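# any chance you could fold what I've pasted below:
(2 chains)
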There are 2 protein chains.
Amino acid sequence: MKNIYFTCGPSQLYPTVKSHLKTALDNNLGSISHRGQQFQNIYKSAQTNLRKLLSIPLSHKIFFLSSSLESMERIIENCVEKQSFHFVNGAFSHKFYQFAKLLKKSPVKHEVDWGEGYLLNKIKIPKRTELICITQNETSTGASIPLQDINQIKQNHNVLVAVDIVSSAPYVKFDFSKIDLVFFSVQKGFGLPAGLSILIVSDRAIKKSNYLEKKGVNMGSYHSFSSLLEKGRIFQTPETPNVLSIYLLNQVCKDMLNKGITTIRKAIDENSKLVFDFFDQHPKYKPFVNNPVFRSRTTIEINVRGEANKILKKLKSSGIVVSSGYGKFKDNHIRIANFPAHSKDNFHKLINVIGYN
Amino acid sequence: MKNIYFTCGPSQLYPTVKSHLKTALDNNLGSISHRGQQFQNIYKSAQTNLRKLLSIPLSHKIFFLSSSLESMERIIENCVEKQSFHFVNGAFSHKFYQFAKLLKKSPVKHEVDWGEGYLLNKIKIPKRTELICITQNETSTGASIPLQDINQIKQNHNVLVAVDIVSSAPYVKFDFSKIDLVFFSVQKGFGLPAGLSILIVSDRAIKKSNYLEKKGVNMGSYHSFSSLLEKGRIFQTPETPNVLSIYLLNQVCKDMLNKGITTIRKAIDENSKLVFDFFDQHPKYKPFVNNPVFRSRTTIEINVRGEANKILKKLKSSGIVVSSGYGKFKDNHIRIANFPAHSKDNFHKLINVIGYN
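Got it, this is the predicted structure:
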């Protein structure tokens, strides 16, 4: 049976993925060399189209990694000698902080309750901070940080800024001049099978990594920024990469460019309004994040008061899959992804099945 | 056009891969959660079947990583406090050594010319060695180390032994009791698209990593052995993994088990004999590795005396793709993979096209 996946990632595949994958196999892309011209063309084209789609300036390089957890690790390794600062309000922002500790740095965190937002500029950031880490969209809680707040943080602090947009790309529209490191994975907003993460890195962050490298800091091996850059210059990766996934990313970027990113973002706005309106009026189930300013539009979290299992089953019998709450919220919450692959019709179906009773 | 890929990896896809991939997509495996039962079943089954195929004992854990370069990095991070020892005779064994340096260890190497083998037990290994790193099959030169030599090294040295079988699995038949860490990637002998590496780790290596972790050594973050183990116990990975690739690995392992690993290994022996006999008798082109004892059966390297480009073109026009020489051997050598996906008929075709003129 063909389900509709409103899960937070892996999620519903973008409608064109299956046919692109068939084309890829028909053209031997599962067999081509990752050191040959054919792959280099795919690499180059994927970078060009992603750059166009997200308006990434040339001051920022694009690296292909294997997962967003890897992106977190490489950011800490390459950009922090001693101290990073972390805004923590859920599982993934906490992981970022924890990774810095595991990598023997001395991170500092500002922590609020899961699901809460913060006014970034009201929080005092320690003087020795080298890197500020922000999880713009907390997949574990459905809380997101308004972009204007993120854009302002750079003006106030002469440090690097890293932003996790794992489950909000390509919806969020960044001013990259205000941000140094951005990462996401393809199995969420891009509607691809899992196994590829994108890390976008500013020249300033590269400069910092060069400085640390010269200083003798341990910054990993094959995925240090200098190693990624060296191969990137000839449109290759240090390792044998997930070639098919890079190809699919390129094709889906092209499809999204054809559709228009503004159209895609507008549809996500409209669909999120549909869902929030429904639950704001629901007699029992309510959006988990109270303050609409901090509500994620792409991973919507609903407090269903202990009925998560009941709803999951009910939806499943109609061929609809949503995510349960993350960790401690497993029984009480459901999470509904709102990605470019999800149509308004499907949201109507979802809402009808949940209903007001 | 459907080419035949005799490249050293990525290579010819195993004949069943396309149909397995179709089934996977039809069953929504590009969308399922990596934290749900359906994925856990795939994970478990892939481990069971790989264990059966390669006779991996229960004393050894199986981890899913993203590339063999990552496997090298994680091995050094998790098993070496200060000193590793490396047998170097080509690009990949040198990379392993270099990674240890980049990770701020103090590695020692025994280096011979590219393409040469060594009698492992004749070489003095320094007393402080914690880990011996051996590239059993050097993809860059076509030189391989006989298994009996690798099996003996453990008896002589009370240290961990890591073996790179990137381009010789599943052909090589190990005695795992003699080895602590083994790794390979799926885009070679398993005939899958790239984007997944397998790392096999003994209890002794796990114990060492626990010891180093307690001691406060930096062993990375999400892919430390303890993190991989913690998730592995519930048949998951720390990150969102390449789900489709793990599924495909499982299916191809099942296909290989049905065919019989002995049959598969025998075919590789026969096909390698075919190729070596042809080139041993060739008036101009000769196997690069002189001593048959050190000749790889799975990645066969031929010295074509400056005619690499000419041969590549000739083969290409018949729909056959082989690898050029690696690095400095680009113009002078060709490399021919001999994996389970390659049939005897295809080897006859290859040989006929190259011919004696």
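# going by C-alpha atoms from here, please, whenever you check contacts or count neighbours.
Noted.
# my guess is residue A:241 contacts residue B:187, does it?
No: with contact defined as CA atoms under 8 Å, residue A:241 does not reach residue B:187; the gap is 10.1 Å.
# of those two, who's got more company?
Applying other CA atoms under 10 Å in any protein chain shown to residue A:241 and residue B:187 shows that residue B:187 carries more neighbours, namely 27 against 23.
# so residue A:47 touches residue A:62, yeah?
Yes: using CA under 8 Å, residue A:47 is in contact with residue A:62, at 6.8 Å.
# residue of the stretch 251-357 of chain A nearest chain B, please.
For the stretch 251-357 of chain A and chain B, the shortest gap (CA to the nearest CA) falls at residue A:323, measuring 8.4 Å.
# where do the helices sit along the stretch 251-357 of chain A?
Along the stretch 251-357 of chain A, counting by DSSP state H, counting those that start in this stretch, helices occupy A:261-280, A:308-317, A:344-354.
# residue A:330 is in contact with the residue of the stretch 251-357 of chain A closest to chain B, correct?
No: if you go by CA under 8 Å, residue A:323 and residue A:330 don't touch, sitting 9.1 Å apart.
# more crowded one of the two?
Ranked by neighbour count (other CA under 10 Å), residue A:323 and residue A:330 place residue A:323 first, with 22 against 16.
# so who does that one touch?
By CA atoms under 8 Å, 6 or more residues apart in numbering or on different chains, the residues touching residue A:323 are A:6-8, A:334-336.
# may I ask which of those has the most neighbours?
Taking other CA under 10 Å as the neighbour criterion, residue A:334 ranks highest of these with 29 neighbours.
# overlap in contacts of residue A:241 and residue B:187?
Shared contacts of residue A:241 and residue B:187 (CA under 8 Å, 6+ apart): B:194-195.
# for residue A:200, name its beta-bridge partners.
Beta bridges link residue A:200 to residue A:62, residue A:182, judged by DSSP bridges.
# quick one, what contacts it?
Contacts of residue A:200 (CA under 8 Å, 6+ apart): A:60-63, A:180-183.
# could you check how far it is from residue A:314?
Distance of residue A:200 to residue A:314, computed by CA to CA, to the nearest Å: 40 Å.
# for the residue in the stretch 51-200 of chain A that chain B sits nearest to, which non-adjacent residue is spatially closest?
Residue of the stretch 51-200 of chain A nearest chain B, by CA to the nearest CA: residue A:195 (4.1 Å). Computed as CA to CA, 6 or more residues apart in numbering or on different chains, the closest residue to residue A:195 that is not its neighbour in sequence is residue B:242, at 4.1 Å.
# same check on residue A:8?
Once flanking residues are discounted, residue A:8 sits nearest to residue A:337: 4.9 Å by CA to CA, 6+ apart.
# in the sheet, who's paired with the one you found?
Counting by DSSP bridges, residue A:337 is bridged to residue A:299.
# quick check: phi and psi on the closest residue to chain B within the stretch 201-350 of chain A?
At 4.1 Å from chain B, residue A:242 is the closest residue in the stretch 201-350 of chain A, using CA to the nearest CA. Torsion angles at residue A:242 (phi, psi; degrees, to the nearest 10) stand at phi -80, psi 80.
# then residue A:108?
Backbone dihedrals for residue A:108, given as degrees, to the nearest 10, come out at phi -120, psi 140.
# I'd like to know which elements the lowest-mean-pLDDT helix or strand in chain A is packed against.
For chain A, counting by mean pLDDT, DSSP states H and E, helix A:147-156 ranks last in confidence among helices and strands (a mean of 83). Packing partners of helix A:147-156 (3 or more CA pairs under 8 Å, 6 or more residues apart in numbering or on different chains; DSSP states H and E): none among the helices and strands.
# stretch A:96-107 vs chain B: in contact?
Yes: residues of stretch A:96-107 contacting chain B under CA under 8 Å from any CA of the partner chain: A:99, A:102-104.
# other residues contacting that stretch?
With CA under 8 Å, 6+ apart as the contact definition, stretch A:96-107 has outside contacts at A:72-73, A:76-77, A:80-86, A:88, A:108-109, A:133, B:218-222.
# average pLDDT for that stretch?
In this model, stretch A:96-107 has an average pLDDT of 98.
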